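Enquirer: the sequence and its predicted three-dimensional model are supplied below.
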Amino acid sequence: MNWLMNQKSTQFIRRILVWILPSSVKALIKRALKYPPNASDKLVEVENEEPYRKIVVYPQLLKEVSDSIPGSSIELISGQRADIICFSIIDWDFRFQRPQQIMTQFANNGHRIFYISVSNFLSADDALKFSVTNIKKNIFEIALSAQQPPNIYGDVLSGENLHALFDSLAEVRRHFKIDEAISYVMIASWTPLALDIHRHWGWPVIYDCMDEWDNFPLITSAILQAELELVKKCDLLVVTAQQLYDKWEQYHRPMVLARNAVNYAFYAERCRPNEILKNPPHPLIGYYGAIADWFDVELMVYIARNRPQYTYILLGGVFNVDVSELQSLPNVKLLGQQPYESMPQYLYHFDVCIIPFKVNAITEATDPVKIYEYLSGGKPVVSVALSELKTCQELIYLAGDYAEFLLKLDAAVLERDAELVQRRRLFAQQNTWETRYEQIWSGIHQVTSKASILIVSYNNLALTRLCLDSIYRNTAYPNYEVIIVDNNSSDDSPSYLKAMSEIHDNLKVILNSTNNGFAAANNQGLELSTGEYLILLNNDTIVPPGWLSRLLHHVIDPEIGIVGSVTNAVYNEAKVEVNYSTWGQMEAFSKEYTWQNDGQIAEIHMLAMYCVAFRRDVYKDIGPLDERFGIGMFEDDDYSLRIHEKGYKVICALDAFVHHFGQASFKRLYEDGTYDALFNENRRKYEDKWQIEWQPHRNVTLSPYSHNFRFESLNGHKSTK
């Protein structure tokens, strides 16, 4: 809780500097700090040069590559994760605590973090719309531009300032090519911006409620009102304490109780003999954290006066409290704010750790980070009886009043229980920031409507492997399953698919004993699927980053029945000219092409089913694919027409691309001369069914327009929960 006082002072100084310095001086400072976000900025990730990126995929897969892929080892593939836009409560360089710890765990798990500064803003009149500092791998601190620097501890964003911040963030989105993101809000003053972003781009909103803000120092009624709106509209509410869980439960939002925690490995490595304190007198009683409104100075004076034989070390900034009496005591040492990196070193010297808080509404809803850090060293802890410490009450000493605090302190000093020390360390090991990330990510996964990716395979193992590999590498959408229906392949496809399903828990496999054909096999997958969104994907495709997020951004529109991507190989308007040859070049082409056409869609008379997406409600309305077409061909013409007949739009998304090898499944039909016969037979079936003459597909120019669908009616991004 000590972030607020010091952070507010820092913010005030920065605001003054931003608005009094001449533009020329600010420009020089930015250049000196290497802030400008231009195309040559080294903060943008370097191209990944993994071997798969060098595979030649166009105009066709080389035979030697095709022959070598089936025999390569099968491994778990860790791919892209959604980006996190962190609307924080402190700057990154402030004391390292929950905001930085949680975001570090997201970064460690492959998410890019765009950590919005709370005190550093550019002027909206500047040419640059944002600046960026590369903190470490996957973590970027962003300074947005504003009409005036907002006070996030007292004001709620509104008016022209809100518009300027939104425009600035739009530049961040485009510069870093953010396809799939999550807004992670840590204080409610950001609420209007997070909700505006959701309306435009569909990014889900997570609110991490860290404290009881009612009656919290400096927090205004406007922020409390914004917090209530945020709680009601967020996709996931993360709380740090049971009291906060109980408070918000009445609003029936999806919630995760993710308490505070410890970086156990960090503490275990550094809580060792050191000389940060030179021969300190013992017993040594230690505290670190803010000395602010919630710190009980009177209790601290009481125990220091009544136990003068103990030495008390207090680490932390002092904010708006009178500590003169404490400073006058010879056995009390106030050492001020110390670097986070030194905390384990001080902890090593402490014989007993204390939490001398006042007991009130704010502290009763507090889960102190320090309790986990204290216990990581196995230290005895004496604390006032806070409700949230009941989870570890058997490991610590809780006191109900001043006199009992003194008695418990004596008992802790005399403690010699090696088994209890180990139990404390085990408790800390079980409550790490890694486990908190897993809890939060599980909550995000659960509130995101599932997408089911359905693939039919028949031989062509090399292509199937490339397809699956690309899905697991390049799908950042938080909740999806893959269902593969194999039509009795005679190569090693069945054994490969079984092996893959054993290492990817979201992969389901159906192995048919006969070739059921394209439509019937897809229907098997559709029957097994559990997703709100259904994607039919050919096994002769490779998907680039952003592919699924972009399709789903359009298909959520209730007027749209089905959406398909553009591609390099198809016999209608969805075909685009490409200039790549390798997988890596394909991904670069896709990124450039899709961002040039961001938000652009076009109505199309028919979508080939190499890659299409539709909602489950549309599937229930239209029904399964028509199996009269047997092995394949014309079931996609048929399905598009059925969707048109129901009044839905059939849409080609110009901002979604997949690579398509094309005609892989029908290669043998070409070779044995049966393709034309099958084509003519299915054409006849199609014309008999619809009583129309089928018109050959043509690669004509589409008429694109901007898809300006807004997400107001939804509680969450791509979610109807």
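Expert: Good, I have the coordinates.
Enquirer: what's around E419, how many residues?
Expert: 7 (other Cβ atoms under 10 Å). Placement of C-beta: from N, CA and C, glycine included.
Enquirer: what's whatever helix or strand it lives in in contact with?
Expert: Assigning secondary structure by DSSP states H and E places E419 in helix 418-429. By Cβ atoms under 8 Å, 6 or more residues apart in numbering, the residues outside helix 418-429 that reach it are 262, 264, 267, 372-373, 375-379, 392, 395.
Enquirer: now with 10 Å?
Expert: 261-265, 267-268, 371-381, 391-392, 394-396, 415, 417, 435 (Cβ atoms under 10 Å, 6 or more residues apart in numbering).
Enquirer: okay, and which of those map to strands?
Expert: Counting by DSSP state E, the contacts of helix 418-429 place V381 in strands.
Enquirer: just the buried ones among the contacts of helix 418-429, please.
Expert: By neighbour count, with 16 or more other Cβ atoms under 10 Å, the contacts of helix 418-429 hold 261-264, 267-268, 371-381, 392, 395-396, 435 as buried.
Enquirer: any idea how far R710 lies from G316?
Expert: As judged by Cβ to Cβ, to the nearest Å, R710 and G316 stand 46 Å apart.
Enquirer: and those two? which has more neighbours close in?
Expert: For the pair R710 and G316, the greater number of neighbours falls to G316 (20 against 11), based on other Cβ under 10 Å.
Enquirer: returning to what we had before: may I see the buried residues of the helix holding E419?
Expert: Neighbour counts using 16+ other Cβ under 10 Å place 421, 423-425, 427-429 of helix 418-429 among the buried residues.
Enquirer: same question, stretch 354-365
Expert: For stretch 354-365, burial by neighbour count (16+ other Cβ under 10 Å) applies to 354-357, 362-365.
Enquirer: got it, and stretch 483-500?
Expert: 483-487, 489, 493-494, 496-497, 500.
Enquirer: and the strands in the stretch 351-500 of the chain?
Expert: Assigned by DSSP state E, counting those that start in this stretch, the stretch 351-500 of the chain shows strands spanning 352-355, 381-384, 397-399, 451-457, 480-486.
Enquirer: how distant is the shortest one from the center of its chain?
Expert: If I follow you right, that is strand 397-399. Relative to its parent chain, strand 397-399 has a centroid offset of 39 Å by Cα atoms, centre = their mean, to the nearest Å.
Enquirer: which strands border it, and is each parallel or antiparallel?
Expert: strand 381-384 (parallel) (DSSP bridges).
Enquirer: ok, the buried residues of stretch 354-365 vs I69, which is closest?
Expert: I69 lies nearest to A365 out of those, by Cβ to Cβ, at 55.5 Å.
Enquirer: the closest one contacts V359, correct?
Expert: No - A365 lies out of contact with V359 (Cβ atoms under 10 Å); the separation is 11.3 Å.
Enquirer: which neighbours do the two share?
Expert: Common neighbours of A365 and V359 (criterion: Cβ under 10 Å, 6+ apart): 386-387.
Enquirer: the strands of the stretch 351-500 of the chain: which one's closest to L62?
Expert: It's strand 451-457; of the strands of the stretch 351-500 of the chain, that one is closest to L62 (Cβ to Cβ) at 20.9 Å.
Enquirer: quick one: neighbours of the closest residue to F350 other than its chain neighbours, just the number.
Expert: Spatial nearest neighbour of F350, chain neighbours left out: G286 (3.4 Å); criterion: Cβ to Cβ, 6 or more residues apart in numbering. Around G286 there are 25 other residues, counting by other Cβ under 10 Å.
Enquirer: what ranges do the helices span in the stretch 451-600 of the chain?
Expert: 461-474, 493-503, 518-528, 547-555, 583-596 (DSSP state H, counting those that start in this stretch).
Enquirer: any idea which of those is most buried?
Expert: Across those, averaging neighbours per residue (mean count of other Cβ atoms under 10 Å) puts helix 547-555 on top, at a mean of 26.
Enquirer: could you give the angle of that one to strand 480-486?
Expert: Helix 547-555 and strand 480-486 are oriented at 100 degrees to each other (axes from the mean of the first three to the mean of the last three Cα atoms, to 10 degrees).
Enquirer: format the CA atom coordinates belonging to helix 547-555 as CSV.
Expert: Taking Å, rounded to 0.1, in the frame of the first residue of the first chain, the C-alpha atoms of helix 547-555 are listed here in CSV:
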residue,chain,number,x,y,z
TRP,A,547,-5.1,-15.4,-37.9
LEU,A,548,-7.7,-16.6,-35.4
SER,A,549,-8.1,-13.3,-33.5
ARG,A,550,-8.8,-11.4,-36.7
LEU,A,551,-11.4,-13.9,-37.9
LEU,A,552,-13.2,-13.9,-34.6
HIS,A,553,-13.2,-10.1,-34.4
HIS,A,554,-15.5,-10.2,-37.4
VAL,A,555,-17.5,-13.4,-36.9
